[in-house]
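Visitor: Provided below are the primary sequence and the corresponding predicted coordinates.
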Amino acid sequence: MVAWAFHRISGIGVWLFIILHVIDIWLIGANPEAYDFLGQIYSSPPGRVMETLLGAALFYHALNGMRIVVMDFWPALTAYHRHLWRIVWIVFFAIGIPGAYIILKPIWEVAG
Amino acid sequence: MSAPRYSLAGRPRPTGSKADLYVWYAVRLSSLALFVLALAHFSMTHFVFDPADQSAEWVRQTRWNSVALRALDWGMLMAVLVHGFLGMRTVLQDYVPSRVRSLSLGALYLLALILFVLGTQVVIALPFD
């Protein structure tokens, strides 16, 4: 149930960002100044926090999605759903924590 | 099995409607492409490069100065539209009351079409350096 709820919430969150993201990429051609202005917001400290949350939602959705695909196409593996669930979180934190550090690092470099 | 299936695996493979079955497969197949493309894209734009360096001019002169990279990004856009909007179709079917369901689905598909046009337009029309 938790896996399902997180999957749905993260999916809707990433979908909302995709709407914004297609529009901002379109601005590269239509209005490059507006794109650069948005880029400044993305790379500001609050923007970096949002990007970290976006990355977390994307990464969880991707890992848990693979868990779902594995069990949908190889139902026998459903017996190992607890192991798969643990693997999702181990990979999530093992890659996610250094990833979050890289995205957020410029905040304290500027502050310091 | 007595436990609710959604807590273990995904939504069970639909057996009634053919359209639902095709959507079920399309969401899963596009997810395989996106697992590689979207995670590689996020890594490139946040770990290899920093968002602060990626101005409109930078995108035009470097990343999108290659037909192959534009085609790759357009392919990712197609996978995202299939996966994201068919996923949202399922979400809307779960929560939207039946009297406004077709209206909301129509609005969803219209939004997908708009993003398809905007994304395709910039990929094709942005001048090469």
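Guide: Everything's here; your move. Numbering: from 1, shown residues only, chains lettered A, B, ... in the order given.

Visitor: against which helices or strands is the longest helix along chain B packed?
Guide: When every helix of chain B is counted residue by residue (DSSP state H), the longest turns out to be helix B:67-95. For helix B:67-95, the packing partners by 3 or more C-beta pairs under 8 Å, 6 or more residues apart in numbering or on different chains; DSSP states H and E come out as helix A:2-30, helix B:18-43, helix B:101-125. The C-beta positions use only the backbone N, C-alpha and C, and glycine is treated the same way.

Visitor: quick one: that helix to helix B:18-43, angle?
Guide: Taking axes from the mean of the first three to the mean of the last three C-alpha atoms, to 10 degrees, helix B:67-95 and helix B:18-43 form an angle of 130 degrees between their directions.

Visitor: for helix B:67-95, the distance to its chain's centre please.
Guide: In this view, helix B:67-95 has its centroid 2 Å away from the chain centroid, taken as C-alpha atoms, centre = their mean, to the nearest Å.

Visitor: elements contacting the longest helix seen in chain A?
Guide: When chain A is parsed with DSSP H, its longest helix is helix A:81-111. Taking 3+ C-beta pairs under 8 Å, 6+ apart as the contact definition, the neighbouring helices and strands of helix A:81-111 are helix A:45-73.

Visitor: okay, now the nearest residue to B:Ser55 once chain neighbours are set aside: neighbour count?
Guide: On the basis of C-beta to C-beta, 6 or more residues apart in numbering or on different chains, the spatially nearest residue to B:Ser55 that is not a chain neighbour turns out to be A:Asp36, at 5.1 Å. The local packing of A:Asp36 (other C-beta atoms under 10 Å in any protein chain shown) involves 16 other residues.

Visitor: gap between A:Asp36 and B:Asp53?
Guide: A:Asp36 sits 11 Å away from B:Asp53, taking C-beta to C-beta, to the nearest Å as the criterion.
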